[in-house]
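missing the sequence, but the structure's below:
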């Protein structure tokens, strides 16, 4: 039996022993009474009775154990021409001081803090400062629209918000403070205090006494010590799109999260203390939480925080420059980034000028890795390219080719095999196990391993309804696919109406809500269609109200602008077509999946429940024009 098969078997047969051993890599202030508390299914808790502090494990312990002078954080910002390196000792001091500032502003253990920052060191510092105090942070992607930020503020009910005067997107300065002020006006929950990092590119006007500048807040603050918290206490809330348009607050605990992420670094990513790890993502997404901030620092690695793009800052060689300059051992990014680089530099000419001898592996996740992108990256780099699959809810990989445990043969298009701890299965609609190679619902048999979501923020009922009801005893991933006869998992796409745009999960329902608010629109549908760069992009279809005359191009521009304003530019909605009718079932359900299949060029069978097949026939040229590739 190979190393992977042995580890996987142990993790499923005896998860208490498996994760109890893994927990030895974490510094506990009070050892846990139980590794797995399974007394109230479907709710499971890991390491009950244990106490720790995540910031202590990420920073203080490394200083005490001799890593104080090792770089902990490398900040690389081509958009500002800035690089900076912080040792573990320096970073610990900055985090302790900002934690003290938050404490003086009234933040205590269990309070929530919303963090709305660009990719600057203060984002990482603020997250760790919250963890130091035992406060619960909720990071919202910088530049998110005011309405969406307000929804998250109302749900999390934070005591404070930490933000900046601006972000920088390519060569464009994006003012954050007006968006924050608008969100605070929209929100029914009133925030006590805001800390604003003034950036030299744009100075923000403050609302006194609510707002305080970052430098003012820390000037006289006393460093705060780490506050012990229960292993089952929440570390953070991270909102992910729901199919209803109402975001779901995924909760991450302290104990299970620390154990799982620490285990994942050496076993999945093949990196250990002292190695340089770069996750080219954003702290607003789960990848940024797990693999920019927490996992590398829990492990004693050096983590890279990059404020830039894969192309355009300044060119398609940017990633290779960063990896070479900082001697990155493992790079983790999304297939979208590699596709953008490939589009700009198809022959890899810009790669030739950089020494990537320190780089062992390229990891890709966030959306399905198509074989063409895999093959291009593998050929250009001459290094292992590892696909893996996970979600905001899981917090760390569910299916992977485990580079540090045992690398398996690659099958392009598959993220390989279930990670130890995850009993991944494919079920038919009736709950029976699908035959090898047969598509069905990808699920994970309960209990989920440490580090996964124990529930949704203040909403156990929705947690059960969203994930645990369709197949009792199993977590529903929302993705469909199959497992082949060698145990490789093939993830074929979402089974709901959440679409994946460049690795970002977005609800089509949210966009439909915005579009339907236009006075000319009677009804609408938004579907995700395949895009060679971003994986999926939304396409809108609208039916006008009777008697309304509107110029289609002008209406499209108005609707795109509305979605950009209320959802954010990340939605990437650029196409909206005016149609006579939308295809529906007899019960009135719009056939979004069928339309998406036609748009993607699939051989779609028309559902027998369709109300009027002629409506769908009339839409085919719109969904799949004759010139479409």
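All right, it came through fine. These numbers come from a predicted model, not from an experiment.

check contacts around residue 180.
Residue 180 is in contact with 116, 146, 149, 161, 163, 194, counting by Cβ atoms under 8 Å, 6 or more residues apart in numbering. For the C-beta atoms, the positions are set from N, CA and C on the backbone; glycine is no exception.

could you list which of those residues belong to strands?
116, 161, 163, 194 (DSSP state E).

now render those as a markdown table, adding distance to residue 411.
Below are those laid out as a markdown table (distance: Cβ to Cβ, whole Å):
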| residue | distance to residue 411 |
| --- | --- |
| 116 | 40 |
| 161 | 45 |
| 163 | 44 |
| 194 | 49 |
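
any chance you could map the helices in the stretch 501-629 of the chain?
Applying DSSP state H, counting those that start in this stretch to the stretch 501-629 of the chain gives helices spanning 508-516, 552-566, 592-599, 613-623.

between the ones you listed, which gets nearest to residue 354?
Nearest to residue 354, of all the helices of the stretch 501-629 of the chain, is helix 552-566, at 35.5 Å by Cβ to Cβ.

okay, buried residues for that closest one please.
Buried residues in helix 552-566, defined by neighbour count with 16 or more other Cβ atoms under 10 Å: 555-556, 558-560, 562-564, 566.

closest to residue 515 out of the residues you listed?
When the buried residues of helix 552-566 are compared against residue 515 (criterion: Cβ to Cβ), the nearest one is residue 559, at 5.3 Å.

list the contacts for that closest one?
514-515, 518, 521, 540, 542, 573, 576.

longest helix in this structure, by residue count?
In the chain, ranked by residue count with DSSP state H as the criterion, the top helix is helix 88-104.

contacts for that one?
Contacts for helix 88-104 (Cβ under 8 Å, 6+ apart): 55, 59-60, 62-63, 67-73, 86, 113, 121-122, 125-126, 128-130, 132-133, 135, 160, 195, 214, 217-218, 221-225.

and the buried ones among the residues you listed, selectable in PyMOL?
Command for PyMOL, covering only those of the contacts of helix 88-104 found buried under the criterion 16+ other Cβ under 10 Å:
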select buried, resi 55+59+60+62+63+67+68+70+71+72+73+86+113+121+122+125+126+128+129+130+132+133+135+160+195+214+217+218+221+223+224
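
inside strands: which ones of the contacts of helix 88-104?
Using DSSP E, the contacts of helix 88-104 in strands are 71-73, 86, 113, 160, 195.

could you dump the residues you listed into TSV with pLDDT added?
Shown next, in TSV, are the ones in strands among the contacts of helix 88-104 (pLDDT from 0 to 100):
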residue	pLDDT
71	98
72	98
73	98
86	98
113	98
160	98
195	98
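
farthest pair within the residues you listed?
Pairwise over these, using Cβ to Cβ, the maximum falls at 71 and 160, 29.5 Å.

what sits against residue 404?
265-271.

again, only this time at 10 Å
Residue 404 makes contact with 3, 263-272, 330, 361, according to Cβ atoms under 10 Å, 6 or more residues apart in numbering.

gap between it and residue 363?
Look at residue 404 and residue 363: by Cβ to Cβ, to the nearest Å, they are 11 Å apart.

swap in residue 113?
Per Cβ to Cβ, residue 113 is found 30 Å from residue 363.

pretty sure residue 238 sits in a helix.
No - with DSSP: H, G, I helix; E, B strand; the rest coil as the criterion, residue 238 is strand rather than part of a helix.

return the set of residues that bridge with it.
Under DSSP bridges, the beta-bridge partners of residue 238 are residue 250.

mind checking pLDDT for it?
The model reports residue 238 with a pLDDT of 96.

same question for residue 499.
69.

who's in contact with residue 69?
63, 87-90.

apologies, that question was intended for residue 140.
114-117, 148-149, 151-153, 156, 161, 163, 180, 183, 238-239, 247, 283-284.

just checking, which helix or strand of this protein averages the lowest pLDDT?
Ranking every helix and strand in the chain by mean pLDDT, DSSP states H and E puts strand 504-507 at the bottom, with a mean of 68.

domains of the chain?
Using automatic domain parsing, the domain parsing of the chain gives 3-308+390-476, 498-623.

any idea how far residue 16 lies from residue 450?
From residue 16 to residue 450 the distance is 11 Å (Cβ to Cβ).

so those two - more neighbours on which side?
residue 450 (30 against 12; other Cβ atoms under 10 Å).

tally of neighbours for the residue lying closest to the more buried one once chain neighbours are set aside?
Using Cβ to Cβ, 6 or more residues apart in numbering and skipping the chain neighbours, the partner closest in space to residue 450 is residue 256 (3.2 Å). Close neighbours of residue 256, defined as other Cβ under 10 Å, add up to 29.

how much space between residue 256 and residue 40?
As defined by Cβ to Cβ, residue 256 lies at a distance of 16 Å from residue 40.

likewise for residue 290?
Separation of residue 290 from residue 40 (Cβ to Cβ): 27 Å.

which of these two has more neighbours?
Using other Cβ under 10 Å, the more surrounded residue of residue 290 and residue 40 is residue 290, with 28 against 8.

how much space separates residue 141 from residue 282?
Applying Cβ to Cβ to residue 141 and residue 282 gives a distance of 6 Å.

surely residue 440 is in contact with residue 476?
No - the pair residue 440 and residue 476 fails to qualify as a contact (Cβ atoms under 10 Å) at a distance of 11.2 Å.

more neighbours: the two, which one.
A side-by-side neighbour count of residue 440 and residue 476, using other Cβ under 10 Å, places residue 440 first with 22 against 18.

what residues are up against the more buried one?
Contacts for residue 440 (Cβ under 10 Å, 6+ apart) come out as 425-434, 471, 480-483, 495.

fine by me, we can end here.
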